[in-house]
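Visitor: kindly return the folded structure for what I paste below:
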Amino acid sequence: MRGDYQQLVDEISAALGAPATLEDRDFGLIAFGAHEGDDDLVMDPVRTRSILQRRSSSAVRAWFEAFGIARAKSALRIPPDPAAGVFKGRICLPVRHRGIVHGYVWLLDDGHLTHLELGGHDTPPDPRIEQAMETAARIGALLADEARAGSELGDLLREVLLAGPAGRPAAAVLLRDALRDTLRFSTGMPLTLVAVLPWDTPETDAAPPPSLPGLLAACALQPGGAAGGSGESATVPAQAGASGTGPPRAAPPVPALAALVRLRSPGALGPAHTVAEHLLRSPRAGAAAPAAAGRRPVRTSPASPADGSQLRPGAAGIASGTQELTGLPAIWREALDAARAARAEPRFGPVAEWTALGSYRLLTSLPAGVTDAAVRPLLAPAHAELARTVEAFLDCAGQAGRTAQALGIHRQTLYYRLGRVEKLTGLDLDEGEDRLLLHMSLKAARL
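Guide: Sure, this is the predicted structure:
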């Protein structure tokens, strides 16, 4: 099907005599036409990054969406803005099917499209634009078919992840049959799950997963474990081995994406890393704090979000793997906890493997929101510097010299702060058990 998209994009490029790219509605690159000529300025930085990274950034997406492209039903112009890295103007062809936008075709205007009539205000569009929009409609039908297929697989994956022990085998059979019919899946293939936190999940979401090697299906899980805003049970199976036995535990209070990935061999997690890194570049990964009350979103440069808020980067976790679809709920817990650890502890990086978490494999299994009474005063915002200091001290195995160097403070300052921690908590930092309690509590609180 991807070859069909390329052929249709080439048709539009040929009809209008301009290089074209096709992106999905999340600004993920699907196909692009050839850029003829030796002129180094034939492209601008935004187009170059889109092709090289196969995706535009969330800031670029916000900048273009400020022109109303998501609501447009006909071609529209986007003026150049060199300050934003948009050196050349564009014509945007919205790709729709039955009223739903599924993507955009972008045409770079090097000047020869400036006088092309796009239509509107009782003025008919240029016949070449009409032809291009007809081709865009054909692309929209293909993307809609792909969205339906991806949505069906995602729904079945969701059913497996949320099913109880009694209903899990039947849900796994339905997923297995659908994967076999659409992706030539066979029983016994090594699989793993990737979790991305947080993930933007609009209730009308029907976007297919990106076409990536090994990615079989993806579904969004809303806060509380319910998927797609359905208000289902707020639990996911506890991490208790492949059987998924044990009491249910609450899911993290942020939306997550579950991606089912086929591996080349058991334990070879390369395809999962590729999928995770790609998904983290999506504008849906990460979250932004809301704009201040009463502030209207303004058009910004592609270097900043549209509403002036700060984006919080997302993180991804990769489970250990399984060869049984009935084992997916158990490894989903692993993937989710690995993503939580990656968000809490920068040293794990934006993508963390469950098997590499060390002590965090135990910490992530602790009930959320439970804090030891002795440590609770230290977690108050007013004592953030003390908490950071003692955590660094414990990370350095209680070595004062290493800790002072890591924090960039004098050793006497370190001793003063540690003394304040002992008074605040009543714990003795010369006692191993007190150190263990404090260390675990600080790490768990970050989670």
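Visitor: surely residue 402 is in contact with residue 394?
Guide: No - between residue 402 and residue 394 there is no contact under Cβ atoms under 8 Å: 11.4 Å. Every C-beta, even on glycine, is put in place using the N, C-alpha and C of the backbone.
Visitor: higher neighbour count, the two?
Guide: residue 394 (18 against 14; other Cβ atoms under 10 Å).
Visitor: confirm the more buried one sits in a helix?
Guide: Yes - Residue 394 forms part of a helix when assessed by DSSP: H, G, I helix; E, B strand; the rest coil.
Visitor: and for the residue nearest to it when sequence neighbours are not counted, the neighbour number?
Guide: When the adjacent residues along the chain are set aside, residue 394 lies closest to residue 439, with 4.4 Å between them (Cβ to Cβ, 6 or more residues apart in numbering). The number of residues packed near residue 439 is 18, by other Cβ under 10 Å.
Visitor: ok, residue 439 touching residue 391?
Guide: Yes - the criterion here is Cβ under 8 Å, and residue 439 meets it with residue 391 at 7.4 Å.
Visitor: can you show me the helices along the protein?
Guide: Under the criterion DSSP state H, helices of the chain are mapped to 2-16, 45-53, 58-65, 127-162, 168-183, 270-280, 328-344, 360-363, 384-395, 400-407, 411-425, 432-446.
Visitor: ranking these by mean pLDDT, which is last?
Guide: For the helices of the chain, mean pLDDT drops lowest on helix 45-53, to a mean of 76.
Visitor: show me the contacts for residue 446.
Guide: Counting by Cβ atoms under 8 Å, 6 or more residues apart in numbering, residue 446 touches 344, 345.
Visitor: same thing but at 10 Å, please
Guide: 340, 341, 343, 344, 345, 360, 363, 379, 387, 391 (Cβ atoms under 10 Å, 6 or more residues apart in numbering).
Visitor: against residue 407, how distant is it?
Guide: Counting by Cβ to Cβ, to the nearest Å, the gap from residue 446 to residue 407 is 17 Å.
Visitor: now residue 369
Guide: Taking Cβ to Cβ, one finds residue 369 at 28 Å from residue 407.
Visitor: okay, those two: which has more neighbours?
Guide: In this view residue 369 and residue 407 are compared by other Cβ under 10 Å, and residue 407 has more residues nearby, 17 against 9.
Visitor: ok, how many other residues are close to residue 345?
Guide: Using other Cβ under 10 Å: residue 345 sits among 17 other residues.
Visitor: okay, it: pLDDT?
Guide: 87.
Visitor: now do the contacts for it.
Guide: Residues in contact with residue 345 (Cβ under 10 Å, 6+ apart) are 315, 352, 357, 360, 363, 443, 446, 447.
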